[in-house]
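>>> model the structure of this input:
(one chain, ligands or ions: 1)
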Amino acid sequence: MKKEIDGILVEAVQGDIASQTDIEAVVNAANAELLPGGGVAGALHKAAGPELADAGAPFSPISPGEAVITNAFNLPNHYVIHCLGPVHGIDRPEEKLLRDCYVNALRKAEEKEVKSIAFPSISTGAFGYPLEEAVRTALPAVRELLGELRSVSHIRFVLFSKQDLTAYERFLESEY
Ligand code: ADP
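Predicted structure coming up:
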């Protein structure tokens with residue numbers, strides 16, 4: 001589904017974050033070392049090639065809530081914005097740290113004058129954050145920043161499962 005808010009297109013789709021051909025910056029649900037791993041990081045590093053880990057090395061390790069930006073190499077995008085989400089039950093305060101990921105990713109995108117950005121559902125895989133709780137943090141965090149954005153005019157949430165997409169769509173329809 002799509003919505004236009006303050007002149008910004010916000011949408012949620014089901015798909016693979018490594019296949020967003022029409023998007024300038026894709027967000028990585030990174031690990032602290034900015035290395036390949038499972039899930040989103042695995043898919044992005046595999047598609048980008050080994051240069052992506054080399055590009056992340058000078059920033060490593062990053063802290064929960066932090067975002068850093070690198071080139072995207074063989075991905076069909078210009079940039080990867082690497083965010084370290086909180087591990088549920090361990091990194092606290094987890095709601096603030098998850099929120100920081102989305103805010104800091106959008107700030108990095110603005111610094112590079114990025115027009116379009118795609119987010120996966122940060123922390124809700126290996127890091128164990130319940131999806132419904134993550135939706136209630138991620139979507140308001142982005143919503144509150146929309147009025148400040150000067151460059152970003154297209155924000156896409158890319159969900160791997162139909163169930164996750166439904167949760168995002170429900171929130172976007174009823175509470176956005
Ligand atoms: P984290 O370690 O931050 O929890 P994961 O990559 O393990 O990150 O998972 C985050 C979310 O991304 C999960 O909902 C997972 O199902 C989903 N996911 C996994 N692979 C992909 C992919 N290629 N594209 C989009 N989403 C993905």
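>>> can you tell if the longest helix along the chain touches the ligand?
Longest helix in the chain by number of residues, with DSSP state H as the criterion: helix 94-111. No. Using C-beta under 6 Å from any ligand atom, we find that helix 94-111 stays clear of the ligand, coming within 8.8 Å at best. C-beta: built from backbone N, CA, C; applies to glycine.
>>> I'd like the average pLDDT over that helix.
Throughout helix 94-111, pLDDT has a mean value of 98.
>>> which ones are touching Val158?
Val13, Gln14, Gly15, Asp16, Ile17, Gln20, Ala118, Phe119, Pro120 (C-beta atoms under 8 Å, 6 or more residues apart in numbering).
>>> redo that, cut-off 7 Å
Shown in contact with Val158 (C-beta atoms under 7 Å, 6 or more residues apart in numbering): Val13, Gly15, Ile17, Gln20, Ala118, Phe119, Pro120.
>>> using PDB, write out every CA atom in the following helix or strand past the longest helix of the chain.
Of the helices and strands lying after helix 94-111 in sequence (DSSP states H and E), the nearest is strand 116-119. This file holds the C-alpha atoms of strand 116-119, laid out as PDB (Å, rounded to 0.1, in the frame of the first residue of the first chain):
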ATOM      1  CA  SER A 116      14.500   7.400  -1.900                       C
ATOM      2  CA  ILE A 117      15.200   5.000   0.900                       C
ATOM      3  CA  ALA A 118      14.100   1.400   1.700                       C
ATOM      4  CA  PHE A 119      14.000   0.000   5.200                       C
END
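>>> just checking, what packs against the longest helix of the chain?
Packing partners of helix 94-111 (3 or more C-beta pairs under 7 Å, 6 or more residues apart in numbering; DSSP states H and E): strand 67-71, strand 79-83, helix 131-145.
>>> tell me how many other residues crowd the closest residue to Tyr102 other than its chain neighbours.
Spatially, and ignoring its direct neighbours in sequence, Tyr102 is nearest to Ala141 (4.2 Å; C-beta to C-beta, 6 or more residues apart in numbering). If you count neighbours by other C-beta atoms under 10 Å, Ala141 ends up with 20.
>>> per-residue pLDDT, Ala141?
Confidence at Ala141, expressed as pLDDT, is 98.
>>> middle-most residue in the protein, spatially?
Phe119 (3.0 Å; C-alpha atoms, centre = their mean).
>>> could you tell me the end-to-end distance of stretch 49-64?
This stretch, stretch 49-64, spans 24 Å end to end (C-alpha to C-alpha, to the nearest Å).
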